[in-house]
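1. structure, please.
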Amino acid sequence: MQTQAALLTFLPLLASCSDRLEFFVPSRESGSVVAALLQQRQALAVGAFDGEQTKRLTPPGPLPEDFDIYAAYYPESVFELGLDEGWMGLRAGGRPIPKSAEVRVSFVRQGRQSPWETTDSAQVLDELGLDLPKPSACYRPSVKYVDIEGTKGDEISAAVTLGANDELLLGLASGRFFVVSTTTQAELAAPLDAPKAGAVRSPDGRIWLVGNDRRIMVTSFDSKRMALELSETSSASGAPAGRIWLAAADVEPFELFALTDTGRLERFDEARRRWALVYEDPTREVDRGRRIAWVSPGVCALLKTDPPHVCQTNAEGCEDLRHPSGPSPEIGPDSIATIAGLGVVTGIGTDNPAFRRFDPSSKSWEALPGLTIEYRVHVMAPFGDGFVYAAGDAFRQVRQFSNELGYCEPVAVAWRRLPQFFLAAQTGYWLIQEGVSGSSDLQVEFVTFERVFDRAP
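-> Numbering: from 1, shown residues only. Have a look, this model is predicted:
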């Protein structure tokens, strides 16, 4: 990794005036430059531009006297990086600057440019605290079906991505565990009493297996990924449930919530190694959809069914957020998720505005415009500047919602049973079905998204 001091051997003077920024790029071949306009190491704007031998840029606004340019050259085009060309400013809820094994970096300071130096990553950009906005573009989904051999008559009860090579850990109702990718699958040796009602991954990469009695085992894999090491971290809490839904923090400090089909919401205290009751409703939950979402430290939102409503935890228990119902009081949302830039979002379907977001300032629900559907929304997951979802009963589809562009082109999905998990992996999403496989092997779907146009149809 080259230090900033090593980058300051400058090339001849370049033009830099109030209406133009100019610097050289290191190759005549196609590529792109991610440039940051800086003042005293603080980013004023970030932009992505397709490369030319001499790059001339119109500034995003008036330039301060003491500005610098920090540039990273990529062999990929702006399109291939998944970015929008031009100055993008700095927006909250962005994504990290892209990484590339072949990236080269350069400074332009006081009108002089340092030589391009090769580095193994764009770490310097991260050190400067830069963040690119999430791209606003539509992506076309495609689906690959993966059969899990030797699983006839079984059922998937727990699923979690492993964070490498798009691998997926599956726990089956029979007690068997599999690691699955789009090209390989292997059964793991695991204790017969390993919890299998649910699974989550903590930010440090550990896998947490949870039982219907809320017994927890934390898992790790050996170097060959052919066995599980398990250590029990809690004892049972409350009466066993027929089903649980889990919600976990994706940032530190890690915390875990569990909602049971008997109406208990519990939070796991890792320091004290036990569960604490947060909220209890004697109404039995319905086995459908995604029922719970982590919101912020100590807070989660959950769907209730009788009558349909949403509540969000607080110090006193669970505050009713008064979600509007469907065409009748008995019909309410089927899924819930926390989406960056939108907050808590629910999917309802049934010939209503399909998605609503909760506005904390007004404590009211807002319909996301542009779509009414007549079928259930089963699962949602964050994607780009919005989310992707799987919905349908007779007509089944996966579709993207962009906060800026609206609803994008859907793809029909031939799942055998209704989906219960939609899990982000390294290069796509795993769509996991519920129910017993019957006379055929269990099947999962891997959904990838190809950027093909910049506006929703």
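2. going forward, measure contacts and count neighbours with C-alpha atoms only.
-> Fine.
3. for the protein, just list every one of the helices.
-> Shown for the chain, the helices assigned by DSSP state H span residues 123-127.
4. quick check: domain ranges of it?
-> Here the domain parsing of the chain from automatic domain parsing is 5-127, 138-453.
5. for the longest one, what is the distance to the chain centroid?
-> Remark: domain 138-453 is offset 12 Å from the chain centroid, using Cα atoms, centre = their mean, to the nearest Å.
6. circling back to that earlier point, mean pLDDT for the domains of the chain: which is lowest?
-> When the domains of the chain are compared on average pLDDT, domain 5-127 comes out lowest at a mean of 67.
7. coming back round to it: now the domains of the chain in TSV, with mean neighbour count?
-> As requested, the domains of the chain are exported to TSV (neighbours: other Cα atoms under 10 Å):
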stretch	mean neighbour count
domain 5-127	18
domain 138-453	18
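8. give me the beta-bridge partners of the closest residue to Arg322 other than its chain neighbours?
-> Using Cα to Cα, 6 or more residues apart in numbering and skipping the chain neighbours, the partner closest in space to Arg322 is His309 (5.9 Å). With DSSP bridges applied, His309 shows beta-bridge pairing to Lys304.
9. how far away is His309 from Arg273?
-> Here the criterion is Cα to Cα, to the nearest Å. By it, His309 lies 31 Å from Arg273.
10. what do you get for Ala248?
-> As defined by Cα to Cα, Ala248 lies at a distance of 16 Å from Arg273.
11. cool, Val103 as well?
-> Here the criterion is Cα to Cα. By it, Val103 lies 45 Å from Arg273.
12. what bridges to the nearest residue to Ala248 once chain neighbours are set aside?
-> Of all residues beyond its chain neighbours, the one nearest Ala248 is Leu256 (4.5 Å), with distances taken as Cα to Cα, 6+ apart. Applying DSSP bridges to Leu256 gives these bridge partners: Ala248, Phe268.
13. I figured Leu256 hits Arg267, correct?
-> Yes: contact criterion Cα atoms under 8 Å: Leu256 and Arg267 qualify, at 5.8 Å.
14. isn't Pro410 right next to Arg399, touching?
-> Yes: distance between Pro410 and Arg399: 4.4 Å, which falls inside the contact criterion (Cα under 8 Å).
15. got any residues that touch both of these two?
-> By Cα atoms under 8 Å, 6 or more residues apart in numbering, Pro410 and Arg399 have these common neighbours: Pro141.
16. for the residue most central in space within the chain, give me its contacts.
-> Centroid check for the chain by Cα atoms, centre = their mean gives Pro382 as the closest residue, at 4.4 Å. Pro382 makes contact with 338-340, 388, according to Cα under 8 Å, 6+ apart.
17. so which of those are in strands?
-> For those, membership in strands holds for 338-339, 388, with DSSP state E as the criterion.
18. ok, the residue nearest to Ala248 - contacts?
-> Under the criterion of Cα under 8 Å, 6+ apart, the neighbours of Leu256 are 246-249, 267-269.
19. looking at the residues you listed, which is nearest Phe355?
-> Among the contacts of Leu256, Ala247 lies closest to Phe355 (Cα to Cα), at 20.1 Å.
20. pretty sure the closest one contacts Arg291?
-> No: using Cα under 8 Å, Ala247 is not in contact with Arg291, being 9.2 Å away.
21. hang on, the earlier thing: how close does the residue nearest to Ala248 sit to Val103?
-> Remark: distance between Leu256 and Val103 (Cα to Cα) = 38 Å.
22. so what's the residue nearest to Ala48 when sequence neighbours are not counted up against?
-> Excluding its sequence neighbours, the residue lying closest to Ala48 (Cα to Cα, 6+ apart) is Val34, at 4.4 Å. For Val34, the set of contacting residues under the criterion of Cα under 8 Å, 6+ apart consists of 46-49, 71-74.
23. before I go, just wanted to say thanks for your time.
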